[in-house]
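>>> no sequence for this one, just the structure:
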């Protein structure tokens with residue numbers, strides 16, 4: 001836990017302005033992005049403080065898969081079922097504003113606006129899927 005990290009505080013329910021969405025995984029939390037790039041834009045975040053995506057190693061593959069599953073489940077709970085029209089990924093440092101691992105879940109990807117298409121561009125220098 002890092003008291004200076006906003007995502008750590010959100011994960012512990014210490015940020016009253018951010019509502020946590022129902023999540024089946026006790027090690028992860030999910031909430032809406034404050035600057036949505038799509039009609040559905042959620043962040044899936046580990047409760048335990050972790051660095052950004054550059055810190056991921058082979059042993060973190062199960063964690064990333066669980067993060068993706070939580071993202072899909074939250075979309076489905078929010079009446080979005082076309083899982084072929086979803087974009088998930090991480091901003092690559094230095095293009096991430098919060099140094100706590102967080103997966104962006106955006107849907108429908110086909111409705112991303114002009115700037116969102118750039119900002120969440122698949123496998124670019126700044127966003128990896």
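Looks like it came in fine. From a predicted model like this one, the values you see are computed outputs, not experimental measurements.
>>> three-state assignment of residue 31?
Here residue 31 is strand, with the state taken from DSSP: H, G, I helix; E, B strand; the rest coil.
>>> contact partners for it?
Taking CB atoms under 8 Å, 6 or more residues apart in numbering, we find residue 31 in contact with 10, 18, 19, 20, 21, 42, 43, 45. Where C-beta positions appear, they are placed from N, C-alpha and C, glycine not excepted.
>>> so what sits opposite it in the bridge?
residue 43 (DSSP bridges).
>>> please tell me how far it sits from residue 74.
9 Å (CB to CB, to the nearest Å).
>>> hey, what's in contact with both of these two?
21, 42.
>>> before we move on, back to that, which of the contacts of residue 31 lies closest to residue 88?
residue 42 (9.6 Å; CB to CB).
>>> per-residue pLDDT of the closest one, please?
We have a pLDDT of 98 for residue 42.
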